[in-house]
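Engineer: Here is my input; please provide its structure:
(one chain, ligands or ions: 1)
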Amino acid sequence: MNDFPSYYHRIQNRGAIRSNLTTSITTENCIIGGGLAGISTMLSLIERGHSVALLEANTIGFGASGRNGGFLSSGFSLGISEIEQRVGLTDTKKLFRLSQKGVELVVSRSQQFCLNDEDLSAGLVRSSWFSRRDLLQKDVEYMNNTFNTSLVYWPEKKVRENYLTNRYNDAIFDPHGYQINPLNYLNKCAKASEDLGASIYETTTVRKLKKIPDGYKVYTREGSVTAKNVILCTSAYRPWLNFKASQGILPVETFVLVTEPLEGRLSDAIKLPYPVSDTRRIENYYRPLPNTRLLWGGGISTKQNPNNLKKKMLADLLSVYPQLKGIKGDMAWSGTMGYGRHRMPQIGKLNENLWYNQGFGGHGLNTTSMGGELIATAIAEDDDSYKIFKPFNLGFTGRPLGLVAVQCIYWTWKIKDKFN
Ligand SMILES: Cc1cc2nc3c(=O)[nH]c(=O)nc-3n(C[C@H](O)[C@H](O)[C@H](O)COP(=O)(O)OP(=O)(O)OC[C@H]3O[C@@H](n4cnc5c(N)ncnc54)[C@H](O)[C@@H]3O)c2cc1C
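Structural biologist: This next block holds a predicted model:
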């Protein structure tokens, strides 16, 4: 059992936990959930001069936002070709551009808040696990020509010179993708919002919402908030505050390991500083951390904190880089992602005063910022750009049976990955 939810929590320097809400307050906007979705929405609203109070059940970044792999890139959990099949090329281009703007916003905010180079650096690699040579090159050409990306094709020789495993073939390099310390970024966004006048309450679980004329009353154990707008950013967590929004999301676990510092041994396996993911449906994602530790992620499940997680993750790492045999895992954790059935973000409103910003799945570092901007511009400027997400509505995930379906999909994908 870890003392901290993740390695990022162990090394963060965030100051004392904020007080919980013990009084009744009134504000224009009440945000529930202090992950990237909630904090980004808060910052986008307060930057536009609209008052905000945010309520977080634990501490800021307790959920997926403080536990993730730190890969910041354009796109969504759902692949581009699947989005195109669903909404056509014109809207796919608009959606992809929004996802790029999400990346740009995180980068510009990180620079504004002086996040240091150790916490944000450019360049991501996606390496091919499968042996068909022409696929990635075609992907690069298609993305660059159709979506104005600047992806670079890396042939097998370049990949194998720098990543010393025979698991990979060729790869795609994205110069406009980044690795980021997500919790340090989140803490800076929270602080910047407070400096502009927002209020954040930690250890404050919202238990109930009540519709009132012109808004909502939000109840916690010891206090309440009266607000014109409530924005639900609670992802896959309980208690359910609105049946439709909560039922639209399935909780899916994924896992991360951080090794001990590897010193010189790291370069026996990995020669470049970039984060790497691979092309399997159930991929690995990993990146060298500044102090020669390796952060290694992978797997999905419906089960939190499986037994022997550290050992299992280490075995997974050694199956790709057997030359690292003997290294020790320092810390392993699981994190809960919130997925809609369609694997796209769910951004919209349930009625005039109740908004939702959720369902970012495994691709939330850019899309949560994008969602925050869309909701803030809708509230502050009456902008209706968020409606482009209408085809990806809340749907019905059929919990708890939906969870059985997730586990079955996982097993099917694993088998398909093996046979490919
Ligand atoms: C292990 C892991 C690796 C990942 N890797 C990447 C990656 O490399 N790149 C990428 O782009 N994405 C990645 N993701 C996905 C990304 O982290 C998420 O999509 C994103 O953080 C979702 O943010 P969120 O704010 O919606 O949810 P969360 O961060 O889960 O926040 C929800 C918050 O709401 C609070 N809450 C819930 N209910 C209440 C209530 N009733 N009252 C008060 N507060 C409440 C919770 O305590 C929680 O803090 C990863 C996710 C995981 C788990």
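
Engineer: Any idea how many residues pack against Pro273?
Structural biologist: 12 (other CB atoms under 10 Å). (C-beta placed from N, C-alpha, C; glycine too.)

Engineer: Against Gln111, how distant is it?
Structural biologist: Look at Pro273 and Gln111: by CB to CB, to the nearest Å, they are 19 Å apart.

Engineer: swap in Leu186?
Structural biologist: In terms of CB to CB, Leu186 sits 16 Å off from Gln111.

Engineer: So which of the two has more stuff around it?
Structural biologist: Each of Leu186 and Gln111 has its neighbours counted (other CB under 10 Å); Leu186 has more, 25 against 10.

Engineer: name the element the more buried one belongs to?
Structural biologist: Here Leu186 sits within helix 182-195, counting by DSSP states H and E.

Engineer: From the contact counts, what lies against that helix?
Structural biologist: helix 7-11, helix 36-47, helix 80-112, strand 199-201 (3 or more CB pairs under 8 Å, 6 or more residues apart in numbering; DSSP states H and E).

Engineer: quick one: buried residues of it?
Structural biologist: By 16 or more other CB atoms under 10 Å, the buried positions in helix 182-195 come out as Pro182, Leu183, Asn184, Tyr185, Leu186, Asn187, Lys188, Cys189, Ala190, Ala192, Ser193.

Engineer: residue contacts, the nearest residue to Leu272 once chain neighbours are set aside?
Structural biologist: Distance criterion CB to CB, 6 or more residues apart in numbering; nearest residue to Leu272, sequence neighbours excluded, is Asn162 at 4.7 Å. Applying CB atoms under 8 Å, 6 or more residues apart in numbering, one finds that Asn162 lies in contact with Ile270, Lys271, Leu272.

Engineer: backbone phi and psi for Pro322, please?
Structural biologist: The phi/psi pair for Pro322 (degrees, to the nearest 10) reads phi -60, psi -20.

Engineer: Count the residues that sit near it.
Structural biologist: For Pro322, the tally of surrounding residues (other CB under 10 Å) stands at 11.

Engineer: do you know how far it is from Lys328?
Structural biologist: Using CB to CB, Pro322 is found at 16 Å from Lys328.

Engineer: Could you check the helix or strand Tyr178 falls within and say which residues are buried?
Structural biologist: Per DSSP H and E, Tyr178 falls inside strand 171-180. Neighbour-count burial for strand 171-180 flags Ala171, Ile172, Phe173, Asp174, His176, Gly177, Tyr178, Gln179, Ile180 (criterion: 16+ other CB under 10 Å).

Engineer: any residues touching it, and which ones?
Structural biologist: Under CB under 8 Å, 6+ apart, the answer for strand 171-180 is 70-74, 100, 103, 106-107, 110, 115, 119-128, 136, 139-140, 149-154, 158-159, 274-275, 287, 365.

Engineer: Now for Asp316, how many residues are close by?
Structural biologist: Counted by other CB under 10 Å, the residues lying close to Asp316 total 17.

Engineer: heads up, I number from 434, so please use that
Structural biologist: Will do, 434 is the new start, and the previous item becomes Asp749.

Engineer: That one: helix or strand, and which one exactly?
Structural biologist: helix 742-753.

Engineer: same question for that helix, mean pLDDT?
Structural biologist: In this model, helix 742-753 has a mean pLDDT of 96.

Engineer: counting contacts, what elements does that helix pack onto?
Structural biologist: When contacts are defined as 3+ CB pairs under 8 Å, 6+ apart, helix 742-753 packs onto strand 683-692, strand 717-721, strand 727-734, strand 762-772.

Engineer: then it to PDB, C-alphas only?
Structural biologist: Extracted in PDB, the C-alpha atoms of helix 742-753 (Å, rounded to 0.1, in the frame of the first residue of the first chain):
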ATOM      1  CA  LEU A 742       1.200  -4.500  -8.800                       C
ATOM      2  CA  LYS A 743       4.800  -3.400  -8.500                       C
ATOM      3  CA  LYS A 744       6.100  -6.900  -9.400                       C
ATOM      4  CA  LYS A 745       3.700  -7.300 -12.300                       C
ATOM      5  CA  MET A 746       4.600  -3.900 -13.800                       C
ATOM      6  CA  LEU A 747       8.300  -4.600 -13.400                       C
ATOM      7  CA  ALA A 748       7.800  -7.900 -15.300                       C
ATOM      8  CA  ASP A 749       6.000  -6.000 -18.000                       C
ATOM      9  CA  LEU A 750       9.000  -3.600 -18.300                       C
ATOM     10  CA  LEU A 751      11.500  -6.400 -18.400                       C
ATOM     11  CA  SER A 752       9.600  -8.100 -21.200                       C
ATOM     12  CA  VAL A 753      10.500  -5.100 -23.300                       C
END
